[in-house]
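> Quick one: sequence plus predicted model below, questions after.
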Amino acid sequence: MEILVCARRVPDASENEIELNIAGNDIEREEFVYSVNEADNYAVEEALQIRDRVGGNVTVVTVDGEEGEEILRRELAMGANQAALVSDEAFNGSDGEGVATILKAFVQKGHYHLILTGVQADDGAAQVGGMLAAMLDYPFASLVNSISVEEGKLKVSREIEGGNKEMNEIDLPCVLSIQTGINEPRYVGMRGIRQVASVPIPTSTAADLGVDHGAVGEAAAKVKRVDYFVPAASKGAEMLHGSREENADKVLELVAAKGGLK
Amino acid sequence: MPLLRAQRDPRFDQPFVRLGGVFKFWLGQWKHPRYKFAGTLHILIFAGFILLALRAFTVLIVGVSQNFVMPGLSGRTGEIYDLVTDYAATVVFLCMVVAAGRRLIFKPARYALPAKYGKGHTADAVFLLGLIALLMVADSLFAASRSAGHLQQGQPAEALAALSLPWMLQIAIGSMPLATLRELNVGAYLVHEIAFYFLLCYRPFGIQFHVETSLFSIYFSKLERGTLKPVRWGVSDEHLDQVKSFGVKTFEDFTWKHMLDFYSCADCGRCADNCPANTVGRPLAPRFLTTKARDYVFQHYPVSGKANNGKPLIGNVYSEDEIWSCTTCGACEEECPLLVEYIDKIVDLRRGMIDDGNVPQSLQKPLKALESRGNPYGKIEKKRGDWAKTPEFLQDNKVKVLDGKNGADTLYFVDSITSYDDRMQSIGRATARILTRLGKNFGILGAAERDSGHEVRRFGEEMLFTALRDHNTEAIKASGVQRIVTADPHAFNALKHDYKDVPPVEHISQVLAREARAGNLRFNAADNWLENRDRVYAYHDPCYLGRHNQVYDDPRDVLDAIPGLHRVEMKRSRDRSFCCGGGGLMLFYEPKEEQRMGVVRVRMAAEAGANVIVTACPFCMVNVEDAIKVAGMEGKMSVIDLAEVVDQHMVCEGGPAQTEKLEAATVGG
């Protein structure tokens, strides 16, 4: 099975202190370190496991500047067969629809049976997967937390409210957005990354993919970020100040009062 | 046979030191008295064996040539030797009876084998004990019947040692007819020889073989504490990239010495008995690492038939959790009478898992953060020195950052946890205050410091460790310091043993002990008497200060130099200290266990009558502090770092001491 995973490089929330810049319209990015978006990493691991079960190839693609290579190397070290960087100045400032347009062009240059994305980027809006499926006219399932391969189709389970699971059959080719926790991604150390340091990563530009400059980039974006702010702390949290036993009793009482205990 | 297919391991250096080890640990049975009763039994049996070895061969030759006498054992010497061996045989015989009694009736818990590992070794052990006892009886009967025969014939008889087994047998059979005595004599001879040869042939298949193999495994034992074996012996760091596979994945990835260990283990269970992971119910007991590997050898390398390296060890012989459960505290290695190594094997198995990407999710984030930020918490590098910038601290102290503009002769290496953890930062400030008051010209690396990588390496991530080490080495060299001080035993061990070409490093307790002996460290007695009146201190030995680096007395001497400080010892202290739960990345690992090591440790302190635990390691502090809460002993027990104790009690020359009020200061008083 030919599998494409769309991954993104994001500032890792656990390794950065997110602070607003002085102007207040963006976050301070100077000291940031980046890593592959967590949900995307799960998607790559899932693709590798499917490949190891049924055969085929895993390609990881990212739309980014040159820095995008950093996460592509990491995914190659994990075991992906190929990586592809899609990069063009014309793409800067694209909104979700713009990114989906770029990815659609990339998908149509190849032959993929299955396209995976993470459920959402740490700094994203969980929209590219669905839009990409619509543009390709492929079926789409979101929040997928297990996949089994059957003849010409997949059986996927989705996470629904309240921790329940819903089983679906979905025809191939399709797009799935992968929920974290679907597997346990393997570890990639420095040694693995060094071993793929010289693997060539092809770059595709707008011209290579035949993407119309007018359809992507900042000018074409219909969604624009206008502000960043830290929400004011709201009231409603009740601090318990008793002894351990008193607090335990109080918590029990509060949970019972809200209907949490039956 | 598998030893020939094993990995390299250069152990042929320092022959005199190694021979010394053989005399001490093999002939001298150095570790045995750590278990008083079993150890004494073992020493007696071993001594008996050594003495009787000569006699066994003499008896063998006497069967062919009746008047044979071992060269050098004629006349008076021979008589004395015979008397001594009469007693030796008796003592060994009695030891066999007692040992069988222990195995069959008292059954010490450390010999027990969980059902999942197959049947226990009691049958094998008792069979061997019986065999040896038979050998002793046959040997004694041979001597007794010969002596009795000679007596009846009026010939000069060999004197038998009074009250010994041969002596008693001689009395018992003395009145038997001469013919019977002759038959007994020949019978005893045959039984002796058959038992003797059977034993020789049987040994390699049972635990008895350890007598021979241990001679080699002790000779080739590891000589340097606190160190780790490289990924591959003979491959330098620069060439590591060319090594195809890291660590131990299949059996033949072990070094020959580590394989020899598997043969040598006598399965006495002392390692597991002292292993904190085993004590708290983690799925790890050192002895089973060995015995499972030995079973694997017997299955895959038959005496006749094709050798077979077989499947990956992880998942087939060992479980992942088993290998991650080890805190590398070294209690097992300290205890083992045969000097079997465990930490290097554990680390090699981890290297193999890391190489395969097989790492628990809980460890992946801190490892990634160490790679990108140089600390496991993912905190920003430029805030690494912020612990020294609190307003109260700055009033009296200024810690230099050695960034090229400032120079100093001493570097205080802080390491990640003390730099970033709110509670541990107080250890950093206490250490800095002490160094300032002692008039040391010191500084820190600040943002240029990275994690020492001590646990990174012990968790098997060698390449990440190398990157951290190289970064720190460069920064240390650039700072131009002549010595390094640290308050973190893990950083201490890393800088001392894992780093090369850095200035000499000391733990703060060593500096303090030296200054105290020189009279430079003075403590305020009057206040202390009041403050310490109701406090009983117990010092907890951090594994990487104590066992791995043998610093036991310095921290104790410092505490004892404080007037009015009442200190007790826990039952398990010094080289038998009980690990608090492990440091570095171990704080991120989520083990399967029945209780926390820290809780067990805190209870030990309470049992010793202490209400303040003094540690000299920030990781011990984390674990013990948590354990006090988990055990519900808040208010009854507190924990404080050695540097903080000294900081609180130290007399400050020229001005009041500015110390931090810690929770511990309010406990018990």
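Good, I have the coordinates.

> For the nearest residue to B:Met136 once chain neighbours are set aside, grab the count of nearby residues.
In this structure, B:Met136 finds its nearest non-sequential neighbour in B:Phe93, 4.1 Å apart by Cβ to Cβ, 6 or more residues apart in numbering or on different chains. (C-beta placed from N, C-alpha, C; glycine too.) Using other Cβ atoms under 10 Å in any protein chain shown, B:Phe93 has 21 other residues around it.

> chain center to stretch A:65-78: distance?
With Cα atoms, centre = their mean, to the nearest Å as the basis, stretch A:65-78 stands 14 Å off its chain's centre.

> pLDDT score assigned to B:Ala266?
Here the pLDDT value assigned to B:Ala266 is 87.

> and chain A, which residues reach chain B?
A:12, A:14-17, A:31, A:33, A:35, A:78, A:184-192, A:194-195, A:244 (Cβ under 8 Å from any Cβ of the partner chain).

> Make sure A:Arg225 is indeed in a strand.
No. Counting by DSSP: H, G, I helix; E, B strand; the rest coil, A:Arg225 falls outside a strand, being coil.

> Show me the residue at the heart of chain A, geometrically.
Centroid-nearest residue in chain A: A:Gly118, 3.0 Å away (criterion: Cα atoms, centre = their mean).

> Tell me the bridge partners for it.
Counting by DSSP bridges, A:Gly118 forms beta bridges with A:Ile178.

> quick one, what contacts the nearest residue to B:Arg294 once chain neighbours are set aside?
In space, and not counting its chain neighbours, B:Arg294 is closest to B:Phe262: 4.6 Å by Cβ to Cβ, 6+ apart. The contact partners of B:Phe262, taken as Cβ atoms under 8 Å, 6 or more residues apart in numbering or on different chains, are B:Thr290, B:Ala293, B:Arg294, B:Val297.

> and the residues you listed, which of them are in helices?
Cross-referencing these against helices under DSSP state H gives B:Thr290, B:Ala293, B:Arg294, B:Val297.

> circling back to that earlier point, which one of the contacts of B:Phe262 is nearest chain A?
In terms of Cβ to the nearest Cβ, no member of those lies closer to chain A than B:Ala293, at 25.0 Å.

> Could you report the pLDDT at that closest one?
92.

> my guess is it meets B:Asp253, correct?
No. Using Cβ atoms under 8 Å, B:Ala293 makes no contact with B:Asp253, being 11.8 Å away.

> Overlap of the contact sets of these two?
With Cβ under 8 Å, 6+ apart, B:Ala293 and B:Asp253 have no common neighbours.

> longest single strand anywhere in chain A?
The single longest strand within chain A, with elements called by DSSP state E, is strand A:140-150.

> List only buried entries from the contacts of B:Phe262.
Buried residues within the contacts of B:Phe262, counting neighbours by 16 or more other Cβ atoms under 10 Å in any protein chain shown: B:Thr290, B:Ala293, B:Arg294, B:Val297.

> How are the strands of the chain distributed by residue range?
Unless you meant another one, I'm taking chain A. A:2-6, A:9-11, A:34-36, A:57-63, A:82-86, A:114-118, A:140-150, A:153-160, A:164-171, A:174-178, A:203-204.

> should've been chain B
B:400-401, B:410-413, B:442-444, B:483-486, B:505-507, B:537-539, B:567-568, B:612-615, B:638-641.

> outside of the first one, which residues touch it?
Judged by Cβ under 8 Å, 6+ apart, the contacts made with strand B:400-401 from elsewhere in the structure are B:Gly385, B:Asn406, B:Ala408, B:Phe442, B:Gly443, B:Ile444, B:Leu445, B:Gly446, B:Ala447.

> residues contacting the second one?
By that I understand B:Asn406. B:Lys400, B:Gly443 are the contacts of B:Asn406 under Cβ under 8 Å, 6+ apart.

> What distance do you get for it to B:Val399?
Counting by Cβ to Cβ, to the nearest Å, the gap from B:Asn406 to B:Val399 is 10 Å.

> any shared contact partners between those two?
With contacts taken as Cβ under 8 Å, 6+ apart, the residues that reach both B:Asn406 and B:Val399 are B:Gly443.

> Excluding sequence neighbours, find me the nearest residue to A:Asn168.
A:Val156 (5.4 Å).

> Select from the contacts of strand B:400-401 the one having the most neighbours.
The most neighbours of any of those, using other Cβ under 10 Å, belong to B:Ile444, which has 26 neighbours.

> The residue lying closest to it once chain neighbours are set aside: how many residues sit nearby?
Spatial nearest neighbour of B:Ile444, excluding adjacent residues (Cβ to Cβ, 6+ apart): B:Tyr412 at 5.2 Å. Close neighbours of B:Tyr412, defined as other Cβ under 10 Å, add up to 26.

> residues contacting A:Asp88?
So A:Asp88 contacts A:Thr205, A:Ala206, A:Ala207, A:Val211 (Cβ under 8 Å, 6+ apart).

> where's it relative to chain B, distance?
27 Å (Cβ to the nearest Cβ, to the nearest Å).

> So what does that residue have for phi and psi?
When read as degrees, to the nearest 10, the backbone of A:Asp88 gives phi -170, psi 140.

> measure it to B:Gly374 for me?
A:Asp88 is 34 Å from B:Gly374, by Cβ to Cβ.

> Same check on B:Ala266?
45 Å.

> tell me which residues of the longest helix anywhere in chain B are tucked away?
Using DSSP H to define each element, chain B has its longest helix at helix B:122-152. For helix B:122-152, the neighbour count (16+ other Cβ under 10 Å) marks B:124-125, B:128-129, B:131-149 as buried.
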